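*Asks:* Dropping the sequence and predicted coords here.
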Amino acid sequence: MTEQNEHYQSLVKLLLPSEIFEYFEITRLNVTDRSVSVFLDELDKKPAGYLDENLTSKGFHTEAIIQDFPIRNKAVFLHVRRRRWLVESTGKVVSRDWDSVAEGTRYTKSFADFLKGLLGQLPD
């Protein structure tokens, strides 16, 4: 990785929720006049509870789009693809539980908390 890319990676880590980088990698970034879309794929790491199992990656679930804090007056959308694994011994398909989205919303927990504090409630 070049030094310039390392600087960009450090900057992105300051702007996005920190928990993202434990389990996801940025695969693409799309910036327009009105929005920033960050495309994230879950890393190929076994989910908790299945560390001793023989798992095979079976691709990704359908992409989920989550809104996060705006950056420089641009809406920010995280396009998240969660990985699916096949448990070889049982044939069961499993995924990691990801609880960074505020319940009942498509906002990150930190952005939902911010909106609740600012507006007293979450917008529809």
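*Replies:* Yes, it's here.
*Asks:* Need the three-state assignment for His7.
*Replies:* Three-state assignment for His7 (DSSP: H, G, I helix; E, B strand; the rest coil): helix.
*Asks:* Show me the helices in the protein, by range?
*Replies:* Under the criterion DSSP state H, the chain contains helices at 3-15, 20-23, 109-119.
*Asks:* Isn't Leu16 up against Val80?
*Replies:* No: assessed by Cβ atoms under 8 Å, Leu16 is found out of contact with Val80, at 11.4 Å. No exception for glycine: its C-beta is placed from N, CA and C like everyone else's.
*Asks:* can you list contacts of stretch 35-50?
*Replies:* With contact meaning Cβ atoms under 8 Å, 6 or more residues apart in numbering, stretch 35-50 is reached by 12, 16, 20, 23-31, 53, 55, 57, 60, 71, 74-83, 85, 87, 94-98.
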